[in-house]
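1. No letters, just coordinates:
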């Protein structure tokens, strides 16, 4: 139908090439969208009414490029054929023109000669009469020469007009061809500019979509990290509760065994020396057992603290990078400051050292045997006589060496557990005898 409307094969090819160029310009933005979707786990793209994935979209683009190359190749063949025909036609026209010019020159020469001969014949009788009469013929010959010159000029002007008309026709044809080429170029430029504008809009839309996808991915990643940390903290809390229960069990077992020893001593079933030795052994045994669980709890709390600090640093840095104004440099400077502060917090947590209930103290066994004898060691307070047991940690019954220890101005869970155990022991002794 288009051919019926006067469009040549090359025109159809050029039109299809322009359509392909417009599609290829759109595929650049579409490929970026497809890549961004793939990063988000969505490997599909709606393009020109069709659905593609990475493989099928690449095949689609490859087919467009292949079709464009084939059309360009066909156009080159058409141009070559036209050039060959034009060359052949030009050669034929040149030959025809030469024959025509030669014939025209011959005809013109014959016609001019006839005209000149006619002039000679026109004045032949007059010239003969003047000569016969012996009169001067110079004036008549001048008239004859003038007429001949006018006739030659007339023929030369006619020949020039013919040649000029031919040249004008060639110039008009060339101008029409160039005007057609220029109109075609203008049309192509308009379509190409429209495609460029569409590409700009597509890139802008892609940038907005990418920003939204990046934001969604960052939010999902942050939420996943938060959920993981909720699980980690829950596990840490469970382990903490488990360790605290084990510590309490060890303290209760120690108190129960010491209470049994107290009863045996009261009933005079064992000696005081044996009582002290057994009590010291029981105290060392359960203090070490409790300290093992306390260390485990400390290490777990330390690891959880480092993990929380790292996650909070990451989330804070991400938030700062997204919300800070002032350009890329300002955002990265603010993010670097946030990361530095977070890493400093991690360093502080990492340097924390476990200090158990036996740290810097003699074991109870060493204390009663005098082993090690260091005057700076401070044994844990034991309660060989419940009448001297105080419910606080600042009573007069505490070992005098504890006066040099730094005073604590807070209460922890273990203090409450120990105080409860002491109250229970007092109640037990109150019922003895």
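-> Great, that's in hand. Predicted model only: the values in this text are computed from it and were never measured.

2. mind listing the strands for the protein?
-> 45-47, 50-52 (DSSP state E).

3. any idea which of the ones you listed is most buried?
-> strand 45-47 (a mean of 16; mean count of other Cβ atoms under 10 Å). Where you see a C-beta, it was placed from the backbone N, CA and C, and this is true even at glycine.

4. circling back: would CSV of the strands of the chain with mean pLDDT and distance to residue 215 be doable?
-> Converted to CSV, those look like this (pLDDT from 0 to 100; distance: least, Cβ to Cβ, whole Å):
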stretch, mean pLDDT, distance to residue 215
strand 45-47, 82, 20
strand 50-52, 86, 25
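
5. And those strands: which comes nearest residue 226?
-> Using Cβ to Cβ as the measure, strand 45-47 is the one of the strands of the chain that comes nearest residue 226, at 31.5 Å.

6. elements contacting that closest one?
-> If you count contacts as 3 or more Cβ pairs under 8 Å, 6 or more residues apart in numbering; DSSP states H and E, strand 45-47 packs onto helix 9-39, helix 54-133.

7. one step back: what's the closest of the strands of the chain to residue 324?
-> strand 45-47 (33.1 Å).

8. Touching the closest one from outside, list them.
-> Strand 45-47 is contacted from outside by 26, 27, 30, 33, 34, 37, 51, 52, 53, 57, 60, using Cβ atoms under 8 Å, 6 or more residues apart in numbering.

9. among these, which two are most distant?
-> Most distant of the contacts of strand 45-47, by Cβ to Cβ, are 26 and 53, 17.4 Å apart.

10. Residue 151 and residue 114 touch, don't they?
-> No - when contacts are counted by Cβ atoms under 8 Å, residue 151 is not listed as touching residue 114 (10.1 Å).

11. And the helices in the stretch 151-300 of the chain?
-> Taking DSSP state H, counting those that start in this stretch to define them, one finds helices in the stretch 151-300 of the chain at 272-323.

12. can you pull the buried residues of stretch 56-68?
-> The neighbour-count check on stretch 56-68 (16 or more other Cβ atoms under 10 Å) flags 57, 60, 61, 64, 68 as buried.

13. likewise stretch 118-129?
-> 119, 123.

14. circling back to that earlier point, what about residue 151 and residue 114, which has more around it?
-> Neighbour tally, residue 151 and residue 114, criterion other Cβ atoms under 10 Å: the higher count belongs to residue 151, 16 against 10.

15. who touches the more buried one in this structure?
-> 112, 115, 116, 119.

16. What's the PyMOL line that selects buried ones from these?
-> The buried residues among these can be selected in PyMOL (16+ other Cβ under 10 Å) with this line:
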select buried, resi 112+115+116+119
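
17. Could I get the pLDDT score of residue 107?
-> Note for residue 107: predicted pLDDT of 67.

18. Kindly report the same for the one 4 residues further on.
-> According to the prediction, residue 111 has pLDDT 85.

19. what about it, neighbour count?
-> 13.

20. Find the nearest non-adjacent residue to it, please.
-> residue 155 (7.0 Å; Cβ to Cβ, 6 or more residues apart in numbering).

21. Can you give me the neighbour number for that neighbour?
-> 16.

22. ok, now which ones touch it?
-> Contacts of residue 155 (Cβ under 8 Å, 6+ apart): 108, 111, 112, 115.

23. Check residue 117 too.
-> Residue 117 neighbours (Cβ under 8 Å, 6+ apart): none.

24. please begin residue numbering at 32 from this point
-> Okay, residue one is now 32; in that scheme the one you just asked about reads as residue 148.

25. quick one: it and residue 155, what's the gap?
-> 10 Å (Cβ to Cβ, to the nearest Å).

26. And residue 149, by the same measure?
-> With distances taken as Cβ to Cβ, residue 149 is found 10 Å from residue 155.

27. and what of residue 203?
-> For residue 203, the distance to residue 155 - Cβ to Cβ - is 47 Å.

28. do the same with residue 358
-> Residue 358 sits 106 Å away from residue 155, going by Cβ to Cβ.

29. How about residue 177?
-> 17 Å.

30. One more: residue 184?
-> 23 Å.
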